[in-house]
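> Just a sequence and a predicted model for now, questions to come.
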Amino acid sequence: MQNFDDETDAFAVLVMQHLSARGETDIEYDQDEFAIRSGDLILHLHNIFRETRELDDAERDARVARHLEALGELRDPERDWPSVRSALRPVLRPNSFGVDVPELELRPITRPAFPFVDELVAIDMPNTRSIVTYASVQEWGVTVDEVFAVARENLGAMVGFTGIKEPGILRFVDDGDGYCASWPLLPGWLAGSGAEAEPPVAFMPDIDTLIIAPGGDELEQVFEAVEEQYRDAVRPISPQGYTVDDTGALIPLDRSPAHRHLPAVQRARCGLAVTEYDAQAQILNEIVERDVEFTPYGVEPAYVGSVMYGHGDNGPYTITVWGEGVEYLLPEADYVVFCRDDENGDLERLFEVPFDTVATLTGLTPIPDLSPSRYEIRDWPDTEILAELKAAAVSP
């Protein structure tokens, strides 16, 4: 007899109730995989659970109902490469999307788009989008790079590569077919948009919204509005602004020298880092609680460190903690604060060091296949390295 007292199990019960109401009879719940089998269809619940867990009961119920409306399309036989090729579209998702899917072949194909944001590929269907997995690519007999290239070609054929030459702040809201949040991925598209002398700035706060703004004084207010929308979004992407460099390549605004020290830019960068590391930490803690190790990363249990938001003389920054006597999965931040217990057992803050310096002096290497990056730490630095770290200490 299965115990359905856990929050995830209760969510599975909700999904099964919806399936039963739709006339499904052959329903089975796999607690270990957090998935439901309905006939020949397997529904992995990780993403929809995360996207709806903060909603009230009525909103969550409605969201699950909409998610299952596309059941018939998902049941269609897997299409071959020639038939699916024209339906591919690029989409943006935060790093945490798909991290909790245990099997590598069932994870979405991804490649980095920006810090904490990945590019994925969706199959555009009449009533839903299906995210392309490694298993699908293998079955089609093509390469991952080819899938990404075709998806961008298809989007370019839809919207063009020349951008939109209009003045002022432009706002686009997707109806499900436009993929507007992906338009800036097209080479040259953002560089060709706007009507100002300076490069425009693009914002994609959620998967259905694209905002194009001039890179002037109005940006402060745009950032405030974008942050609020990002914070309230069911499917957020990023609170950051993105622009183009001298070559026309898309970059986060904090990497543009003209805006590097604008407080709103740094706040958005730090807020995205804190949010994504928090989301990843929640997923990793759920995995280790279930599996007693960080499968599928092959890492023994350790404390999943947090990224915190700070504000100093030079503006916002991120910081994480490395404490003596604790094993960590250490996140990447602007600074690392080293701490230890003093002779009275009270926590003593020793010093802060830029993360890049810490990585160099201690030989940190990222855990493979984990994004955003974390570093496996099992030991406190020895006396010599600790002295070098102290010598490199700064005040953020």
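Thanks, I have the structure now. Being a predicted model, the structure only gives us computed values, none of them experimental.

> Leu120 and Gly241, how far apart?
21 Å (Cβ to Cβ, to the nearest Å). Where you see a C-beta, it was placed from the backbone N, CA and C, and this is true even at glycine.

> Assign Glu343 to helix, strand or coil.
coil (DSSP: H, G, I helix; E, B strand; the rest coil).

> Leu120 and Gly241: which has the busier surroundings?
More crowded of Leu120 and Gly241, by other Cβ atoms under 10 Å: Gly241, with 27 against 24.

> gap between the more buried one and Pro108?
25 Å.

> can you check Gln229 too?
On the measure of Cβ to Cβ, Gln229 and Pro108 end up 24 Å apart.

> center of this protein, which residue is that?
Centroid check for the chain by Cα atoms, centre = their mean gives Pro94 as the closest residue, at 1.7 Å.

> Tell me what it is bridged to.
Beta-bridge pairing for Pro94 (DSSP bridges): Val117.

> OK, contacts around it?
By Cβ atoms under 8 Å, 6 or more residues apart in numbering, the residues touching Pro94 are Phe116, Val117, Asp118, Pro236, Ile237, Ser238, Thr275, Glu276, Ala279.

> Would you convert those into JSON lines that also reports neighbour count and distance to Ala268?
Shown next, in JSON lines, are the contacts of Pro94 (neighbours: other Cβ atoms under 10 Å; distance: Cβ to Cβ, whole Å):
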{"residue": "Phe116", "neighbour count": "23", "distance to Ala268": "11"}
{"residue": "Val117", "neighbour count": "20", "distance to Ala268": "12"}
{"residue": "Asp118", "neighbour count": "20", "distance to Ala268": "18"}
{"residue": "Pro236", "neighbour count": "22", "distance to Ala268": "12"}
{"residue": "Ile237", "neighbour count": "26", "distance to Ala268": "12"}
{"residue": "Ser238", "neighbour count": "27", "distance to Ala268": "8"}
{"residue": "Thr275", "neighbour count": "20", "distance to Ala268": "10"}
{"residue": "Glu276", "neighbour count": "22", "distance to Ala268": "12"}
{"residue": "Ala279", "neighbour count": "20", "distance to Ala268": "16"}
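
> nearest to Arg374, of those residues?
Glu276 (11.7 Å; Cβ to Cβ).

> and Arg231, what does it touch?
Residues in contact with Arg231 (Cβ under 8 Å, 6+ apart) are Pro239.

> ok now the strand or helix carrying it, how far from the chain's centre?
Using DSSP states H and E, Arg231 maps to helix 219-232. Chain-centre distance of helix 219-232: 18 Å, with Cα atoms, centre = their mean, to the nearest Å.

> and that helix, average pLDDT?
For helix 219-232, mean pLDDT is 94.

> higher neighbour count, Gln229 and Pro108?
Ranked by neighbour count (other Cβ under 10 Å), Gln229 and Pro108 place Pro108 first, with 20 against 16.

> how much space is there between the more buried one and Tyr242?
21 Å.

> Strands of the stretch 151-300 of the chain, start to end?
170-173, 201-203, 209-213, 241-244, 250-252 (DSSP state E, counting those that start in this stretch).

> So in that sheet, which strands flank the last one, and in what orientation?
Strand 250-252 has the following sheet partners, assigned by DSSP bridges: strand 241-244 (antiparallel).

> What lies in contact with the partner strand?
Under Cβ under 8 Å, 6+ apart, the answer for strand 241-244 is 114, 184, 190-191, 199-204, 213, 215, 219, 222-223, 226, 250-253, 256, 259, 265, 268.

> Please indicate which of the residues you listed are buried?
Among the contacts of strand 241-244, those classed as buried by 16 or more other Cβ atoms under 10 Å are 114, 184, 190-191, 199-204, 213, 215, 219, 222-223, 226, 250, 252-253, 256, 259, 265, 268.

> circling back to that earlier point, orientation of the helix holding Arg231 relative to strand 209-213 in degrees?
Helix 219-232 and strand 209-213 are oriented at 170 degrees to each other (axes from the mean of the first three to the mean of the last three Cα atoms, to 10 degrees).

> still on that earlier bit, of all the contacts of Pro94, which two lie farthest apart?
Asp118 and Thr275 (14.7 Å).

> I figured Ser86 hits Asn154, correct?
Yes. Counting by Cβ atoms under 8 Å, Ser86 does reach Asn154; the two are 6.4 Å apart.
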